[in-house]
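Asker: Sequence plus predicted model, see below.
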Amino acid sequence: MLQLITNADVYAPESLGSQHLLVGGGQVLWMGDSVPSLDAALGVATWDAAGRRVVPGFVDCHAHTTGGGGESGYASRVPAPPLSLFTAAGVTTVLGLLGTDDTTRDTGQLLAATRALRAEGLSAWCYTGGYRVPPVTFTGDVRSDIVNLEPVIGVGEIAISDHRSSQPTLEEILRVASDAHVAGLMTGKAGILHLHLGDGPRGLELVRMALAESELPARVFHPTHCNRRRGLFDESVLLAKAGSWIDLTAFPVEEGEDAWTAADGFLRYAEAGAPADRITISSDGGGCLPHFNDAGEVIRMGIGTPDSLAGTLAELVAAGIPLADVLPAVTSNPATLLRLHGKGRIAVGADADLVVLDDAGAVDGVMARGTWHRRDGEQLVVGTFETL
């Protein structure tokens, strides 16, 4: 069905002002500032955005689509998040991964979850591996997974500077990063190494050593949770200035905690003069957010949720940051890094992944691949088992 969206205040993510969009076949077919004359025989469905802001669908580059957790026994394994948990939050593209538990969950299950979300209307890809080195794979080899499995675009989240990591050596990290990079060259995929950063004092030492002692491009290394410690964040800013991309996690931060919220991190990143196109913000949706005591035991935990992305945007806009300056971190930046063509932007020929924001910045409508999943505050599409 052809669909005409009229009177949209479009951010592409740059501000384009009032625009009308014609959508068909899952793509934006036309966009202009005057309503087109269309033959009634085409049966075009029209929806009036009434001046609301329409932005690209969010690209969540770090989510546990099979569920995360497991650090505190079998009962602490977080269930897989359902479709509407993503779409109701404005996420139309998701990157799934494994975390601490890459034993009872594996790459095969991650591939299945990725394909299930695709079948339900979301755009989804995944990484191979988990916290451990050598990484858990499907075919037995990192390079082979990326080359031969279409949904797999890189390796992650390999853990460093964390008591839960496999304590990888520089040589091991270089081998994994090299396999990811070459597989990316062979396929046109992202070919990156997505790194989980823990609270350990070594911070980004392994990444700095890898860049100093190899020929690998800085873009291959994409560390996440860079705002979990303030000192680690400062290291990350320097890494971004050296050519890497860094990822902030939109998790809650308690008052007095040695961490920055994603909004605080974004502001400080900009104040430091770091490249605006090398920062991403992800949700850790479906992942466990554990707190440990000195003995490494979980004393409490939360769960990451995709709606933290829209919350971070609203917080930054409320602080006076223009929406067009904030949006790239959850739209065009991750889409560019991950080489997901057609994602992260509103343009003719791009995928019809759109989010409608209300006056308060809340997600009012979501179109994924040309289908309305949410409109006028009502969820229209849910996952297969959500109504049972």
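Answerer: That came through fine. Numbering: from 1, shown residues only.
Asker: wait, what's in contact with residue 179?
Answerer: 141-143, 146, 155 (C-beta atoms under 8 Å, 6 or more residues apart in numbering). Placement of C-beta: from N, CA and C, glycine included.
Asker: Look at it and give its secondary structure.
Answerer: helix (DSSP: H, G, I helix; E, B strand; the rest coil).
Asker: Model confidence for it, exactly?
Answerer: Per-residue pLDDT puts residue 179 at 98.
Asker: Could you measure from it over to residue 245?
Answerer: Distance of residue 179 to residue 245, given as C-beta to C-beta, to the nearest Å: 19 Å.
Asker: Kindly write the PyMOL command that selects the buried subset of the contacts of residue 179.
Answerer: For the buried members of the contacts of residue 179, the matching PyMOL selection, counting by 16 or more other C-beta atoms under 10 Å, is:
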select buried, resi 141+142+143+146+155
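Asker: Helix or strand next in line after the lowest-mean-pLDDT helix or strand in the chain, which one?
Answerer: Least confident helix or strand, the chain: strand 288-292 with a mean of 70, by mean pLDDT, DSSP states H and E. Downstream of strand 288-292, the next assigned helix or strand under DSSP states H and E is strand 298-303.
Asker: going on from that following strand, what's the next piece of helix or strand?
Answerer: Later in the chain than strand 298-303, the nearest helix or strand by DSSP H and E is helix 308-318.
Asker: Isn't residue 191 up against residue 220?
Answerer: Yes - if you go by C-beta atoms under 8 Å, residue 191 and residue 220 touch, sitting 7.0 Å apart.
Asker: which residues are in contact with both of these two?
Answerer: Counting by C-beta under 8 Å, 6+ apart, the shared contacts of residue 191 and residue 220 are 180-181.
Asker: Would you map the strands across the stretch 251-388 of the chain?
Answerer: Using DSSP state E, counting those that start in this stretch, the strands of the stretch 251-388 of the chain run over 279-282, 288-292, 298-303, 354-357, 363-368, 371-375, 378-379.
Asker: so what's residue 197 bridging to?
Answerer: Listed beta-bridge partners, residue 197: residue 160 (assigned using DSSP bridges).
Asker: Do you know the pLDDT at it?
Answerer: pLDDT, read off for residue 197, is 96.
Asker: so which helix or strand takes in residue 94?
Answerer: Judged by DSSP H and E, residue 94 forms part of strand 91-96.
Asker: got the contact list for that strand?
Answerer: Against strand 91-96 from outside (C-beta under 8 Å, 6+ apart): 57-66, 86, 110, 113-114, 117, 122-127, 153, 282-283, 285, 306, 309, 334-335, 338, 340, 343-344, 353-355, 366-369.
Asker: Then stretch 209-218?
Answerer: For stretch 209-218, contacts defined as C-beta under 8 Å, 6+ apart pick out 170, 173-174, 177-178, 181, 221, 239, 242-244.
Asker: switch the cut-off to 6 Å
Answerer: Stretch 209-218 has contacts (C-beta atoms under 6 Å, 6 or more residues apart in numbering) with 170, 173-174, 177, 181, 242-244.
Asker: now, among those residues, which is nearest to residue 8?
Answerer: The closest of these to residue 8 turns out to be residue 244 (C-beta to C-beta; 35.1 Å).
Asker: okay, stretch 302-319 in CSV with CA atoms only?
Answerer: C-alpha atoms of stretch 302-319 as CSV (Å, rounded to 0.1, in the frame of the first residue of the first chain):
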residue,chain,number,x,y,z
GLY,A,302,18.3,-4.2,37.0
ILE,A,303,17.3,-4.8,33.3
GLY,A,304,18.2,-2.5,30.4
THR,A,305,15.2,-1.2,28.4
PRO,A,306,15.1,0.2,24.9
ASP,A,307,13.0,3.2,26.0
SER,A,308,16.2,4.6,27.6
LEU,A,309,17.2,5.9,24.2
ALA,A,310,14.1,8.2,23.8
GLY,A,311,14.6,9.2,27.4
THR,A,312,18.1,10.3,26.8
LEU,A,313,17.1,12.3,23.7
ALA,A,314,14.3,14.1,25.7
GLU,A,315,16.8,14.8,28.5
LEU,A,316,19.3,16.4,26.2
VAL,A,317,16.7,18.4,24.3
ALA,A,318,15.3,19.7,27.6
ALA,A,319,18.9,20.8,28.5
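Asker: in it, what's buried?
Answerer: So for stretch 302-319, counting by 16+ other C-beta under 10 Å, buried means 303-317.
Asker: where's the nearest residue to residue 337 once chain neighbours are set aside relative to residue 46, distance?
Answerer: Excluding its sequence neighbours, the residue lying closest to residue 337 (C-beta to C-beta, 6 or more residues apart in numbering) is residue 245, at 5.1 Å. Computed as C-beta to C-beta, the residue 245 to residue 46 distance reads 39 Å.
Asker: Where do the domain boundaries of the protein fall?
Answerer: Taking automatic domain parsing as the criterion, the chain consists of the domains 3-55+342-379, 57-337.
Asker: Export these to a markdown table and append columns for distance to residue 385.
Answerer: Formatted as a markdown table, the domains of the chain follow (distance: least, C-beta to C-beta, whole Å):
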| stretch | distance to residue 385 |
| --- | --- |
| domain 3-55+342-379 | 15 |
| domain 57-337 | 7 |
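Asker: Touching stretch 62-82 from outside, list them.
Answerer: Applying C-beta under 6 Å, 6+ apart, the contact partners of stretch 62-82 are 94, 96, 99-101, 105, 109-110, 113, 224, 282, 284-288, 290, 298, 303, 383, 386.
Asker: one step back: show the buried residues in the contacts of stretch 209-218.
Answerer: 173-174, 177, 181, 244.
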